[in-house]
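[1] Pasting the sequence and the predicted model now:
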Amino acid sequence: MGRVYCTSGASRYEQPCDLCRMGSVAATVALQDGVEPPEPQVLVTAASSYRASSLCPGALAKDDSRESGFRRLNKPLRFHVEPESMIITRYTGSTYASSPHCHGESERLRYAERHRYNERISLGMDSVQVSQMANRNTMAPSTIGNDLLQELAGGEPERLCQIVTPIGMLGYGFSEPQTEAALQKTAKFSTPTALVLDSGSTDSGPSKLALGSMTCPRAAYVRDLRRLLQLRFKYKVPLLVSSAGGDGSDEHVDEFVDIIREISDEPDNRSWDLKVLAIYSGIPKSLVLEKLEDGKITGCGESVPALTTQDVQQTPRIVAQMGPEPFIDAMAANPDFNVIIGGRAYDPSPYIAFCAYHSLKSKHNNIFTLGSHPLGSFTHMGKIMECGGLCATPKSAGALAYIYKDHSFDITPLDPNARCTPLTVAAHTLYEKSRPDILYGPGGYLDLTNAKYTQLPDKVSVRVRGTTFHFSHADGLPYTVKLEGARVTGFRTLIMGSFRDPILIPQIYSFLDRIKDTMVDHHTHVTESWDVGWHVYGHTPNTKEVFIVGEVLAESQAVATSLASIARVWCAHAAYPGQKATSGNFAMGIGGKMEIETQECTEFSVYHLMPLNEGEEGAMDDARSLFRWKRFEIGKREKGIDSPQPVLNGSSNHAAKIKQIKKPSFQSVASLEPPHTLIDIAKVVRSKNAGPYEITLDVMFDDPKVYQVVKNSGLLGSDVISRLYAVAPENIIWCGFFDVAMAFKATIPRTRAGKGVCSGGFMENDVHGSQQYVPLMELELSDGLIQDLGALKSL
């Protein structure tokens, strides 16, 4: 095989280019004027010379015609690549390459500008990373696998399967045309395709687990499942759903099965013949108490309090986040399945399972035989796909994943007006996670430190490779699963309204303190415990109206409502210093209600890790198994009814025509105003809960130079997070920069009134954690940083 030769115009053909000086062994220049290389070579982009997005148009081969300065290359390229961290241009078809006789640098640059080559592929890093590495003058050589060599030489990696996710949460609604377009696209392949969706989250709080409610109304699940089942039937692909109802309780798995049964009984669906697998992950409290007594239960994170016997006893249901093993076992035992409804599961589990099932067919379904690279790839893909198209810009509801046998995968948004970029996909690693590089799950952790993200030629898809999964048993540790549970803490009643009196507004807090004293005076006969809190909105120096929500918690609904009634009456009629408006203080009556009984108040009581005995991570059709599956035959299959012609994988006759939408052009718009706060220079500033006990903050940039200046400035760090969020530096869970995504992340404990709390519960006003970014967004830039940024703009 030929070598990759440096062809930078800056090298003058006999000296290494800047990229080569940074540690490349194989890319040293062997070309000199008049010397024919052993065979056609590959063009290397010198990122430090012309930016990573420009071609490096130096010498490639001797030309016999000195007048033209170029020669046509028709032979297929073969090459050996040692330095991984480079941009390579691959020639496809007939393309032109510059000649050693085109000596003028300006001539070469003009040529490179006029002739865009067919494709550029990033080996190991995107253009941003190459540019950063070039600026640091460090680039270690490494060896590229034969799979990537084959890919660069003109062939795609061998496919394993495809997965379509219409939406990141079942019940939220999805675009049927976009989903069908993706299924039509995958129908031409002989490799299997699946519809996979997650339905669970702790984002909406603890009520589901404590009360048995679902995240979305039942009608929303009926709507989405009807459309998904119709697509499943039309394209003959399996449908996998995890964490049924939001909490994944056994009751909600059965509820989803009932919904499928109802839909299949509808007249239009009477030809269906469904094999439905239900997988259950409810955990007996007796087992948790046994493990707790043995000292084997630990908190899932530093902020989670120790579990007590009382916590377990007060929790009506406990579920465990299953790994992929129960899904794999159920599929292996029922290879003719059509639909899987899973209980509570680690979000990527059904994605991992579908890939592993098709990769493990001859290996006794033991996921440990996959190895760290395949399982790392499947897990990373699942971690991205379970959120649908959130990794795209702008955000897409759904996404399509192509999974390959070389341990890589592609992500494409379903929305034709969105695209994935290396930056947006890498940045998604930060989303709702405590740290961006190591992600713990059942049986081990995902290691993203060597993950590589490559923009594909369609400019909307990204290829990912390099992620590994580290098995806990490799460190002599047991397989662990996360337990989740919640309990009722009392009953709540709310009052709400606003104050507009300019005399009262400045003294609003002392006024509300007196209201609480009045509530105490009128309820001296009450023996049960109770509390009241005030959510105050809009209290700024020049405000004209302050809105409040009074929240009362008591052991019974009757007492909570009685207390709330007194609070509302005295908000309306209590006196205050300087009062002139004597007819009433409080604007109220929203929704026609004076007091709003919200019934039970709940809180998370179990969010802990439990070790499993060897073999317990799988599932069996046995009630005694920790995780269990059942098979249901659903559908009439009446004789004499003609079924619609299915669209099979590998078929070229698609059943429907999907309107093709012109791909948009994406442009970056830079602000002309000088920056003053962090939001002026950051692409994204956001917050999100990372589980019920933590809040994580993300800042992302889209300009590598701006990112580097900010990183070096000291603007962001643990001291700043400590000051902005009133958390001691030693209590910050994680804080640092993540170069791959040009991002800063900090994770802190969730607190209220200076005390650690979990999401949901009494006095919660941001269960999602998505509104905690504002102090960071408004962080003022130093004069020195503003000057440095101004200097960048003038370059």
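    Structure received.

[2] rest of the way, CA atoms for contacts and neighbours
    OK.

[3] correct me, but Arg261 touches Gly635?
    Yes: in this structure, Arg261 is within contact of Gly635 by C-alpha atoms under 8 Å, at 7.4 Å.

[4] In terms of packing, which of those two has more residues around it?
    Taking neighbours as other C-alpha atoms under 10 Å, Arg261 and Gly635 compare with Gly635 leading, 20 against 17.

[5] Distance check, the nearest residue to Pro422 once chain neighbours are set aside against Thr429.
    Closest residue to Pro422 apart from its sequence neighbours, by C-alpha to C-alpha, 6 or more residues apart in numbering: Tyr453 at 5.0 Å. Distance of Tyr453 to Thr429, given as C-alpha to C-alpha, to the nearest Å: 12 Å.

[6] Looking at the two, which is more packed in?
    Tyr453 (29 against 22).

[7] So Glu603 sits against Ala486, correct?
    Yes: the pair Glu603 / Ala486 is scored as a contact, 5.5 Å apart, by C-alpha under 8 Å.

[8] Spell out which residues are contacts of both of the two.
    Pro206, Ser207, Ala210 (C-alpha atoms under 8 Å, 6 or more residues apart in numbering).

[9] helix/strand/coil for the last one?
    The one in question is Ala210. With DSSP: H, G, I helix; E, B strand; the rest coil as the basis, Ala210 sits in helix.

[10] Let me know whether it touches Glu484 as I believe.
    No: at 10.3 Å, Ala210 does not count as touching Glu484 under the criterion of C-alpha under 8 Å.

[11] which phi and psi does Gly485 have?
    Gly485 adopts backbone torsions of phi -160, psi 160, taken as degrees, to the nearest 10.

[12] For it, which residues are in contact?
    With C-alpha under 8 Å, 6+ apart, Gly485 has these contacts: Pro206, Leu209, Ala210, Thr315, Pro316, Arg317, Ile318, Val319, Phe604, Ser605, Val606, Tyr607.

[13] want to try CSV for the residues you listed, with distance to Ala353, pLDDT and secondary structure as columns?
    Below are the contacts of Gly485 laid out as CSV (distance: C-alpha to C-alpha, whole Å; pLDDT from 0 to 100; DSSP: H, G, I helix; E, B strand; the rest coil):
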residue, distance to Ala353, pLDDT, secondary structure
Pro206, 27, 95, coil
Leu209, 25, 96, helix
Ala210, 29, 96, helix
Thr315, 30, 98, coil
Pro316, 30, 97, coil
Arg317, 26, 97, coil
Ile318, 23, 98, strand
Val319, 19, 98, strand
Phe604, 29, 96, strand
Ser605, 30, 97, strand
Val606, 26, 97, strand
Tyr607, 24, 97, strand
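
[14] Among those, which pair sits farthest apart?
    Pro316 and Tyr607 (14.0 Å; C-alpha to C-alpha).

[15] Compare neighbour counts for these two and give me the winner.
    Each of Pro316 and Tyr607 had its neighbours counted (other C-alpha under 10 Å), and the higher figure belongs to Tyr607 (26 against 15).

[16] Disregarding residues adjacent in the polypeptide, which is nearest to that one?
    Glu484 (4.8 Å).

[17] Relative to the helix or strand encompassing the one you found, what are the paired strands and their orientations?
    Using DSSP states H and E, Glu484 sits in strand 480-499. Looking at strand 480-499 with DSSP bridges, its partner strands are strand 318-320 (antiparallel), strand 546-554 (antiparallel), strand 587-588 (antiparallel), strand 596-611 (antiparallel).

[18] Render the CA-only coordinates of the helix or strand just after it in PDB, please.
    For strand 480-499, the following helix or strand on the C-terminal side (DSSP H and E) is helix 508-521. The C-alpha coordinates for helix 508-521 follow below in PDB (Å, rounded to 0.1, in the frame of the first residue of the first chain):
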ATOM      1  CA  ILE A 508     -44.400  41.900  50.500                       C
ATOM      2  CA  TYR A 509     -42.200  39.400  52.400                       C
ATOM      3  CA  SER A 510     -42.900  40.800  55.900                       C
ATOM      4  CA  PHE A 511     -46.600  40.900  54.900                       C
ATOM      5  CA  LEU A 512     -46.500  37.200  54.000                       C
ATOM      6  CA  ASP A 513     -44.800  36.300  57.300                       C
ATOM      7  CA  ARG A 514     -47.700  37.900  59.100                       C
ATOM      8  CA  ILE A 515     -50.100  35.900  57.100                       C
ATOM      9  CA  LYS A 516     -48.400  32.700  58.300                       C
ATOM     10  CA  ASP A 517     -48.700  33.900  61.900                       C
ATOM     11  CA  THR A 518     -52.400  34.400  61.300                       C
ATOM     12  CA  MET A 519     -52.800  30.900  60.000                       C
ATOM     13  CA  VAL A 520     -51.200  29.600  63.200                       C
ATOM     14  CA  ASP A 521     -53.500  31.600  65.400                       C
END
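
[19] if I look at the residue nearest to Gln314 when sequence neighbours are not counted, how far off is His768?
    Spatial nearest neighbour of Gln314, excluding adjacent residues (C-alpha to C-alpha, 6+ apart): Arg487 at 6.0 Å. Arg487 is 19 Å from His768, where distance means C-alpha to C-alpha.

[20] Which one's more surrounded, the two?
    Between Arg487 and His768, Arg487 has the larger neighbour count (other C-alpha under 10 Å), namely 26 against 22.

[21] pLDDT (mean, whole number) over stretch 497-509?
    Average pLDDT, stretch 497-509: 97.

[22] Show residues contacting it.
    539, 544-549, 576, 578-579, 581, 585-590.

[23] mind checking how far that stretch is from the chain centre?
    Averaged C-alpha coordinates place stretch 497-509 at 42 Å from its chain's average position (C-alpha atoms, centre = their mean, to the nearest Å).

[24] Extract the residue ranges of this structure that are flagged as low pLDDT.
    1-155, 362-365, 636-672, 794-795 (pLDDT under 70).

[25] Next SSE downstream of the helix or strand harbouring Asp224?
    Per DSSP H and E, Asp224 falls inside helix 218-235. Later in the chain than helix 218-235, the nearest helix or strand by DSSP H and E is strand 239-242.

[26] Tell me the strands beside that next one, with direction?
    Next to strand 239-242 in the sheet, as set by DSSP bridges, lie strand 193-198 (parallel), strand 339-342 (parallel).

[27] where along the stretch 151-300 of the chain do the strands fall?
    159-165, 193-198, 239-242, 274-280, 298-299 (DSSP state E, counting those that start in this stretch).

[28] Pull out the buried positions in the first one.
    Just to be clear, that refers to strand 159-165. Residues Arg159, Leu160, Cys161, Gln162, Ile163, Val164, Thr165 are the ones in strand 159-165 that count as buried (16 or more other C-alpha atoms under 10 Å).

[29] Cool, thanks, signing off.
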